[in-house]
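Peer 1: Quick one: sequence plus predicted model below, questions after.
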Amino acid sequence: MSPPPMPSRPSPSPTPPRRNGFWAVLCGIGRGINVVRLVIINAAFFFVLLIVLVLIAGGIAASRASRTVADDSVLVLQPQGQLVEQYSIDPLQRALARLSGGKSEQVQLRDLVGAIDGAARDKRITRILLLPDELHAGGFAALREVGAALDRFRATGKPVIAWAANLDQGQYYLAAHADSVLLDPQGSLMLTGLANYRLFYKGLLDKLGVDVHLFRVGQFKSAAEPYILDHASPASKEADGYWMGGLWDEYLAEAAKLRKLDPAKLRADIDNLPQAIAGTQGDLARLALDEHLIDGTATRAELIAMLRKQGVPAAKNGHGFRSVDLQHYVADLPTGGDLLTPGVTVVVAEGEIAGGKRPPGSIGGESTAALVRAAREDKRTKALVLRVDSPGGEVYAAEQIRREVELTREAGIPVVVSMGDVAASGGYWISMNANRIFAEPNTITGSIGIFGMYYTVPNTLAKLGITSDGVATGPMAGAFDISRPLDPKVGAVIQAIIDKGYRDFVGGVAKARGKSYADIDAIAQGRVWTGSQARERGLVDQLGGLGDAVTEAAGLAKLGGKYPVRYQQAALGAFERFMVGFSQSAGVELLQAWGVRLPPWFAQIHALAPELSLLRDARAGTPNVYAYCFCSPH
């Protein structure tokens, strides 16, 4: 037998060619970049995961912590940031701000008023300590609402003490409602009056070669003047001087009444500040005491000693005094969660009016109209209160909201408007069809008028050596091309659109208010009024705040004495609801006690995004039509 054949050995595979040194270096760099990329992605993922886990753990721990307010406590109101109708900062951002040790940027008006009214009924609260020097109010109407709540608290026999290191005139307007106003000996109080100075951009636009074409109706409709003039027009100064004078008269009358002063003497003291300050050698605290604007001076330590002397117990650590702050007291208040009983629904319309869907803090033609519609379709809604705090904006977006208000009335649901700091121009447009309109005496309203702006940039392009040329199929084809000069015929078209919009605005107000077109046209023309002036002219039915409007709405719906009040808001997701609860809980303090603290810059990331402005949503190549009022004095 022959031996089996030997298996053949496989031929060796060819050896891959070796990369030369250059390609090897590139491949190494590529692998290094990929490793760094993966490390960064994983680090970011685990960082976010850690924050979420820590927040959940803190929330669980906080939910177990007692939020009970101790007897004989002082409610400390130290509102920080802007006083707003509704938060425009999302719940996550608010929680992160607290966790990073930053100050609150916003305080919600209804939280502040609700806490004061709750404390008035709460036997555990003996007094309120108001620390207003970090509050920034956009206007006086919202402050008047808070002041009225402080007056209701004082009417129960409980005192309000205000203390500050420094007070501006808005903060003092609130502090004057206290039984006792104290200022730090090194502090300051300055009342100066109101001003409305604006920047004008015509010179800049001329240098850039931008041509701004303004189309308006209304002798006093001055909102867009900064784009076509380098100074305020005489008509603008006349109108502004009238409503600002009325606003300042309201301020002086109320401040003088609260401090038991003569309004004329108070005005004279303010106007003579330069001479008066010389008499106290620059000591503003002493000057405020001499003019009876405050009741005394005290350091923070002296304030605490005074409270202890008045019988307020010490805090748990044996120092300070027993107290609860605004955020924790609001979280401790009952939610009033009657989910089934018919009642009054409140829709907040705050901010500039723009098309589409907008987040809280601004008004969207679609999103705010959807809130009104949802309230109307909710069987629990027997009356609707529209809380308006807006200088206006896009006309069509305002009209979308107005139509929903009108449909709500046609559905048999009474609508009452409550005007906040500002309800002017487009803010009045969305208000005009209500059954009743309420405003504070120092609300800024009116400004019934519209304008349109159109930009062309042929001169700008020419500065860069660029020209535009071509052909069109007709005289109007390409007429709205911003690279070409504005044809006078196109200007006539735009003006006709603006004229029609003004007739719609004035005619709508006349119909809603039961007056003739001529009557409304005489008080329209873009002119701004205070709430008191508007009531005298029939644009407002009654002076009063949000509570008065809710009471009126309930009366129109025949709801009787007891009824729930609900806010119609865009639904929050589960995580957002968790963050709202977490930011109001003790969880932040617990996490900080554990050493968990985010860097301060982390909470400021949102500030990198520019704010919305009137022209942010302007569309190129089309006339932009606005009902807007720049009417916020400083």
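Peer 2: Here it is on my side, so go on.
Peer 1: shouldn't residue 543 be in contact with residue 436?
Peer 2: No. Look at residue 543 against residue 436 with CB atoms under 8 Å: they stay out of range, at 11.8 Å. The way it works is simple: take the backbone N, C-alpha and C, and place the C-beta from them, glycine included.
Peer 1: more crowded one of those two?
Peer 2: When neighbours are counted by other CB atoms under 10 Å, residue 543 and residue 436 differ, and residue 436 comes out ahead with 20 against 16.
Peer 1: Please tell me the pLDDT value assigned to that one.
Peer 2: pLDDT recorded at residue 436 is 98.
Peer 1: ok, what's across the strand from it?
Peer 2: residue 416 (DSSP bridges).
Peer 1: tell me which element residue 249 falls in.
Peer 2: Applying DSSP states H and E as the criterion places residue 249 in helix 234-259.
Peer 1: and the one helix or strand residue 35 maps to, what's its mean pLDDT?
Peer 2: According to DSSP H and E, residue 35 maps onto helix 21-64. Helix 21-64 shows a mean pLDDT of 62 in the predicted model.
Peer 1: got it, and stretch 540-547?
Peer 2: 96.
Peer 1: Pull the residues that contact it.
Peer 2: 110, 141, 144-145, 148, 346, 385, 387, 418-420, 436-441, 443, 445, 531-532, 534-535, 548, 552 (CB atoms under 8 Å, 6 or more residues apart in numbering).
Peer 1: beta partners for the residue nearest the centre of the chain?
Peer 2: Centroid-nearest residue in the chain, with CA atoms, centre = their mean: residue 84, separated by 4.5 Å. Residue 84 has these beta-bridge partners by DSSP bridges: residue 108.
Peer 1: Please tell me how far it sits from residue 365.
Peer 2: 21 Å (CB to CB, to the nearest Å).
Peer 1: Can you show me the CA trace of the helix or strand harbouring residue 438 as CSV?
Peer 2: Residue 438 is part of strand 436-439, with elements assigned from DSSP H and E. Extracted C-alpha coordinates of strand 436-439, given in CSV (Å, rounded to 0.1, in the frame of the first residue of the first chain):
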residue,chain,number,x,y,z
ARG,A,436,-66.0,94.6,30.5
ILE,A,437,-62.5,96.1,30.6
PHE,A,438,-60.8,96.7,33.9
ALA,A,439,-57.6,98.7,34.3
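Peer 1: helices or strands next to it in the packing?
Peer 2: strand 415-424, helix 531-536, strand 542-543, helix 546-556 (3 or more CB pairs under 8 Å, 6 or more residues apart in numbering; DSSP states H and E).
Peer 1: Comparing those, which comes out most buried?
Peer 2: Highest mean neighbour count among these (mean count of other CB atoms under 10 Å): strand 415-424, with a mean of 29.
Peer 1: next SSE after it?
Peer 2: Taking DSSP H and E, what comes next after strand 415-424 is helix 426-429.
Peer 1: Which positions in that following helix come out as buried?
Peer 2: 426-429 (16 or more other CB atoms under 10 Å).
Peer 1: Name the nearest of those residues relative to residue 296.
Peer 2: For the buried residues of helix 426-429, the closest approach to residue 296 (CB to CB) belongs to residue 427, at 41.3 Å.
Peer 1: contacting residues around the closest one?
Peer 2: For residue 427, counting by CB under 8 Å, 6+ apart, the contacting residues are 349, 353, 388-392, 419, 445, 629.
Peer 1: Reformat those as JSON lines; add secondary structure.
Peer 2: As requested, the contacts of residue 427 are exported to JSON lines (DSSP: H, G, I helix; E, B strand; the rest coil):
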{"residue": "349", "secondary structure": "strand"}
{"residue": "353", "secondary structure": "strand"}
{"residue": "388", "secondary structure": "strand"}
{"residue": "389", "secondary structure": "strand"}
{"residue": "390", "secondary structure": "strand"}
{"residue": "391", "secondary structure": "coil"}
{"residue": "392", "secondary structure": "strand"}
{"residue": "419", "secondary structure": "strand"}
{"residue": "445", "secondary structure": "strand"}
{"residue": "629", "secondary structure": "coil"}
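Peer 1: neighbouring contacts of the strand holding residue 438?
Peer 2: With CB under 8 Å, 6+ apart, strand 436-439 has contacts from 141, 416-419, 423, 431, 445, 531, 534-535, 539-545, 548-549, 552-553, 556.
Peer 1: rerun at 7 Å
Peer 2: 416-419, 423, 431, 445, 531, 534, 540-544, 548-549, 552 (CB atoms under 7 Å, 6 or more residues apart in numbering).
Peer 1: Repeat that for stretch 250-261.
Peer 2: For stretch 250-261, using CB under 7 Å, 6+ apart, the contacting residues are 140, 173, 176-177, 262-263, 266-267, 292-293, 441-442, 530, 532.
Peer 1: In helices, which of those appear?
Peer 2: 140, 173, 263, 266-267, 532 (DSSP state H).
Peer 1: Which members of those are the farthest-apart pair?
Peer 2: 266 and 532 (18.8 Å).
Peer 1: Could you check how far the closest residue to residue 133 other than its chain neighbours is from residue 141?
Peer 2: Closest residue to residue 133 apart from its sequence neighbours, by CB to CB, 6 or more residues apart in numbering: residue 164 at 4.0 Å. Using CB to CB, residue 164 is found at 22 Å from residue 141.
Peer 1: The two: who's more crowded?
Peer 2: Using other CB under 10 Å, the more surrounded residue of residue 164 and residue 141 is residue 141, with 28 against 23.
Peer 1: is it true that the more buried one touches residue 418?
Peer 2: No. Applying CB atoms under 7 Å, one finds residue 141 not in contact with residue 418, separated by 9.7 Å.
Peer 1: OK, contacts around the residue nearest to residue 133?
Peer 2: Applying CB under 7 Å, 6+ apart, the residues contacting residue 164 are 131-133, 171, 175, 183, 187.
Peer 1: which strand residues sit across from it in the sheet?
Peer 2: residue 183.
Peer 1: quick revisit: report the buried members of the contacts of stretch 250-261.
Peer 2: Buried among the contacts of stretch 250-261 by 16+ other CB under 10 Å: 140, 173, 176-177, 266-267, 293, 441-442, 530, 532.
Peer 1: where in the chain is pLDDT low?
Peer 2: Residues of the chain that meet the criterion pLDDT under 70 lie in 1-30, 32, 36-37, 43-67, 89-104, 335-338, 571-626, 630, 632-634.
Peer 1: Buried residues in the helix or strand hosting residue 459, which are they?
Peer 2: Here residue 459, judged by DSSP H and E, is contained in helix 458-463. With burial defined by 16+ other CB under 10 Å, the residues of helix 458-463 counted as buried are 458, 460-461.
Peer 1: can you give me the offset of that helix from its chain's centre?
Peer 2: Relative to its chain's centre, helix 458-463 lies at 39 Å (CA atoms, centre = their mean, to the nearest Å).
Peer 1: And the contacts of that helix?
Peer 2: In contact with helix 458-463 (CB under 7 Å, 6+ apart) are residues 208-211, 467-468, 483-485.
Peer 1: Which member of these is positioned nearest residue 318?
Peer 2: residue 208 (65.6 Å).
Peer 1: Tell me the backbone dihedrals of that closest one, please.
Peer 2: When read as degrees, to the nearest 10, the backbone of residue 208 gives phi -80, psi -10.
Peer 1: Quick check: the gap between it and residue 228.
Peer 2: 14 Å.
Peer 1: now swap in residue 317 and tell me
Peer 2: Residue 317 is 63 Å from residue 228, by CB to CB.
Peer 1: When those two are compared, which one has more neighbours?
Peer 2: residue 228 (17 against 6).
Peer 1: any idea what sits nearest the more buried one, other than its immediate chain neighbours?
Peer 2: Per CB to CB, 6+ apart, closest to residue 228 is residue 214, 5.0 Å.
Peer 1: For that neighbour, list each beta-bridge partner.
Peer 2: Bridge pairing for residue 214 - DSSP bridges - gives residue 453.
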